[in-house]
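Asker: whatever this is, show me its structure:
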Amino acid sequence: MDFLLKLALFIFVIWVVILLVRRWRDRPAVERKEIPPYVLCPAIFNGSERVFFLELTKQLPTGYHIFPKVRMIDYIKPVDEWSYAIRNKIWNKHVDFLICNKDFKPVLAVEINGKSHQRTDRVARDLFVRNVYAAVGLPIVFVEIGTNFQEAIRQILEILVGAEKTEKP
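Answerer: Numbers count the residues shown, from 1 in each chain. Next up, the predicted model:
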């Protein structure tokens with residue numbers, strides 16, 4: 001009998017704990033004082049990206065739009081849309097700048113490469129990205145930090161002029 005009483009008490013305590021946990025869990029996050037572990041970044045660009053963006057914006061021909069930090073999956077789709085393995089390879093990758101024409105069709109991607117792109121994993125990532133862009137027919141320009149941004153912008157403008165010529169009948 002002593003064993004049955006202890007077992008019943010044990011089951012009752014477990015039941016009360018479960019009820020309390022459910023009640024606590026079902027309260028709004030504000031009431032539980034749970035604050036998501038995030039903070040707002042001071043800017044979306046680092047210093048080099050900011051300088052490049054401002055200069056490119058000044059020189060970009062009318063009718064083009066620059067979008068920063070765009071995920072590849074937002075403008076490149078797998079041939080087999082149900083292949084999650086293929087989709088996941090580009091899901092978390094982004095390009096520093098995506099340039100679109102007046103119809104918002106992507107015409108050029110720009111990647112600003114700092115020292116981190118010399119790491120083995122980043123070299124492999126950049127090669128994969130180059131191959132994806134080549135496969136979809138979208139040019140990508142890699143700009144090395146510390147190089148002449150004006151030269152890179154000149155190259156970008158030449159690509160855009162070439163793209164305009166091929167689009168016009």
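Asker: would you map out the domains in this protein?
Answerer: Following automatic domain parsing, the chain resolves into domains at 2-32, 47-167.
Asker: need the winner for burial among those.
Answerer: Of all these, domain 47-167 carries the top mean neighbour count, a mean of 14, counting by mean count of other CB atoms under 10 Å. For glycine as for every other residue, the C-beta is placed from the backbone atoms N, C-alpha and C.
Asker: from the chain's centroid, how far away is that domain?
Answerer: 12 Å (CA atoms, centre = their mean, to the nearest Å).
Asker: for this structure, which segments count as helices?
Answerer: Under the criterion DSSP state H, helices of the chain are mapped to 2-25, 29-32, 47-59, 84-91, 120-136, 149-167.
Asker: circling back to that earlier point, could you tell me the least trusted of the domains of the chain?
Answerer: Sorting the domains of the chain by mean pLDDT places domain 2-32 lowest, at a mean of 78.
Asker: and that one, how far out from the chain's middle?
Answerer: Counting by CA atoms, centre = their mean, domain 2-32 comes out at 42 Å from the chain centroid.
Asker: quick one: contacts of stretch 79-88?
Answerer: 73, 78 (CB atoms under 8 Å, 6 or more residues apart in numbering).
Asker: now with 10 Å, please.
Answerer: Applying CB atoms under 10 Å, 6 or more residues apart in numbering, the contact partners of stretch 79-88 are 73, 76-78, 89, 91, 135-136.
Asker: endpoint to endpoint, it covers what distance?
Answerer: The straight-line separation of the ends of stretch 79-88 (CA to CA, to the nearest Å) is 13 Å.
Asker: was I right about I159 contacting L60?
Answerer: No. Using CB atoms under 10 Å as the test, I159 is too far from L60 to be in contact (12.0 Å).
Asker: what is in contact with the two at once?
Answerer: Joint contacts of I159 and L60 (CB under 10 Å, 6+ apart) are I99.
Asker: thinking again about what came up before, of all the helices of the chain, which one is nearest I99?
Answerer: Set against I99 and scored by CB to CB, these come closest in helix 149-167, at 7.1 Å.
Asker: good, we can wrap up now.
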